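compute the structure for the input listed below.
(chains A and B)
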Amino acid sequence: MAKILVVAEHANGKLNPATAKCVACASQIQGAQIDVAVLAADAGAVATQAAAIQGVKRVLKIENAANKEPLAAVLAPQVAAAAADHTHVFGPSTTFGKDLMPRVAALLGVGQLSDIMAVESAYKFRRPVYAGNAVITVEASPDKKLVATVRTASFQPAGSGGSGSVESANVSAQLPTHTRFVSRSAAATGRPDLQTASRVVSGGRALGSADSFKIIYSLADKLRAAVGASRAAVDAGYAANDLQVGQTGKIIAPELYVAIGISGAIQHLTGIKDARTIVAINKDSEAPIFEVADIGLVGDLFQVLPELEKALSG
Amino acid sequence: MSKILVGLKRVVDYNVRVRVKPDGTGVVTDGVKMSINPFDEIALEEALRIKEKGGASEVIVVSIGPGDTQQQLRTGLAMGADRAILVQTDAQVEPLAAARIFLKLVEKESPQLVLLGKQGIDDDNNQTGQMLAALWNRPQATFASKVELDGAKARVTREVDAGLETIEVDLPAVITSDLRLNEPRYVKLPDIMKAKKKQLDTIAVADLGVDAGSQFKTLNYAAPAARQKGVMVKDVAELVAALKQKGLL
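Below you'll find the model as predicted:
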């Protein structure tokens, strides 16, 4: 029988929703017993939230002053020790999980399966490769512990109302001091974060200048959306590097993606193919972006955008 | 004398439209342009900048792959690396095996820093750097967007979901690069000529004595569900109406 340990992600006493998505993924393995590990300096509040996730049997509190900040080098040996009796160890495919889980796997002497997007059986999964341009079905060897990350965009969070038990786990692991937390700063733009935003407005080369690019910000604010840009717009200096959407930039999956003056190069389309609704506004009716857009409008963006903003204000 | 080891993976060029073979056994790579994995190119650029500022004495580029991978290593040498090592194999190498191979080279070369791309744009695993750090029992700094060396320590700014995180690590350490760490230089023709004379050693995987066995078997490749072409609207009024109909306004 599968016995799955899910590593909780949390910050400031709050459980990250990615954890309930990992539990949802684990629940799709038939007959699985699901435990959640909460590593923190004080795990109390987070453990209570984790125990309320539907399908969770036990929450293991692993408390240590060194766990105040999520440093992979410090957490990994404790996760590896806590997972001694488990057949599977899952973490979210967020920067937290991507940093931590391979280190856990290597300490356990096993490989890792990254970005589970669908479960076929306890040892058979589907995952994206080539930035989602192909989906592979992978079978893992059942005689090895399976460490994996779960692609959060592919699972709805498991419901609440569960009643798992909470217990303190004693793990003995040597914790390194070679890695130290210094600081963390959130990008203080006042706008939603591009990676996780439910709406994104992106501008391309057709904006023509950094100054003209401001109309993208203006429309984004009207839609309460994050701002993105094509590689061409970033290379031309119209927008900052960290706004780049595409294979070598950010791969995103918002509810609404508005592409303005973006032709739709392959590497850009790769970054938005999981968006729920794509809107494209472009002067060139032959632009490849229209092949993937749910709603397309051929027109001069410098005329369309002011009109659109006005319509949204009305 | 401090060395930096940089991993370069040979991958399908990022501008190529990747297609799944009709029989589902893989993606089409025949006649397709191959390049250095973009994140690895950024890692190499960072290593070269550190050396140019006097922070290292030698930059060694390393790859694991078939004989043709020499092309990517030569490009790395043309960018400015001092020498190259190819661990040759025609087999698929899983990240854990790659990390074990790197560990062997690390034990031999004793670098101060190992710089790798955060992930290969082919398998998108994002594992090798972290696994190497674990096996080596040394610090890791993944998703790096800024690296500052200070004697026996490095201060690394990381791009995490919450924003930017800065950590301090003791050297030696493994750092994996994110996109915004730097912009790699272009290779100039005279450098390509010079690179041909630089040292490139080839080692067979078997000679390293590592367990390069696999745990995962890919059963099938499939194209992702295709997006349907949607509707074209005539003007802003129709656009707004269409958005409302989808419940987006």
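
where does chain B have low pLDDT?
B:1 (pLDDT under 70).

now do the residue nearest to residue B:173 when sequence neighbours are not counted against residue B:176, distance only.
Distances taken as C-beta to C-beta, 6 or more residues apart in numbering or on different chains place residue B:139 nearest to residue B:173, at 4.2 Å, with adjacent residues excluded. C-beta here means a position set from N, CA and C on the backbone, and glycine is covered the same way. As for residue B:139, its distance to residue B:176 is 12 Å (criterion: C-beta to C-beta, to the nearest Å).

higher neighbour count, those two?
For residue B:139 versus residue B:176, neighbours defined as other C-beta atoms under 10 Å in any protein chain shown are more numerous around residue B:176 (32 against 26).

for stretch A:291-300, what is the distance to the chain centroid?
27 Å (C-alpha atoms, centre = their mean, to the nearest Å).

okay, it in CSV with CA atoms only?
Taking C-alpha atoms only, stretch A:291-300 is exported to CSV below (Å, rounded to 0.1, in the frame of the first residue of the first chain):
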residue,chain,number,x,y,z
GLU,A,291,-4.0,30.7,-34.2
VAL,A,292,-4.1,30.1,-30.4
ALA,A,293,-6.2,33.1,-29.3
ASP,A,294,-9.8,32.5,-28.0
ILE,A,295,-10.7,36.0,-28.9
GLY,A,296,-8.8,38.0,-31.6
LEU,A,297,-9.1,41.6,-32.7
VAL,A,298,-7.2,42.9,-35.7
GLY,A,299,-6.4,46.6,-35.1
ASP,A,300,-4.0,49.3,-34.2
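
so which bits of that stretch are buried?
A:291, A:292, A:293, A:294, A:295, A:296, A:297, A:298, A:299 (16 or more other C-beta atoms under 10 Å in any protein chain shown).

who's in contact with the third one?
Contact criterion C-beta atoms under 8 Å, 6 or more residues apart in numbering or on different chains gives A:259, A:278, A:279, A:280, B:229, B:230 as the residues in contact with residue A:293.

want to throw those into CSV with secondary structure, distance to residue A:207 and neighbour count?
Output for those, formatted as CSV (DSSP: H, G, I helix; E, B strand; the rest coil; distance: C-beta to C-beta, whole Å; neighbours: other C-beta atoms under 10 Å in any protein chain shown):
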residue, secondary structure, distance to residue A:207, neighbour count
A:259, strand, 12, 30
A:278, strand, 18, 23
A:279, strand, 16, 25
A:280, strand, 14, 26
B:229, coil, 25, 12
B:230, coil, 23, 18
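
kindly indicate which of the residues you listed lies nearest residue B:47.
Set against residue B:47, the nearest of the contacts of residue A:293 by C-beta to C-beta is residue A:259 (35.9 Å).

that closest one bridge partners, please.
For residue A:259, the beta-bridge partners are residue A:202, residue A:280 (DSSP bridges).

quick one: it and chain B, what's the gap?
12 Å (C-beta to the nearest C-beta, to the nearest Å).

do you know the pLDDT at that residue?
Residue A:259 carries a pLDDT score of 98 in this model.

any residue of the worst-scoring helix or strand of chain A on mean pLDDT touching chain B?
Every helix and strand of chain A was ranked by mean pLDDT, DSSP states H and E. The lowest is helix A:266-272, at a mean of 89. Yes. Using C-beta under 8 Å from any C-beta of the partner chain, we find that helix A:266-272 touches chain B at A:266, A:267.

got the contact list for that helix?
A:131-133, A:230-231, A:245-252, A:257, A:259, A:262, A:278, A:288-289, A:292, B:14-17.
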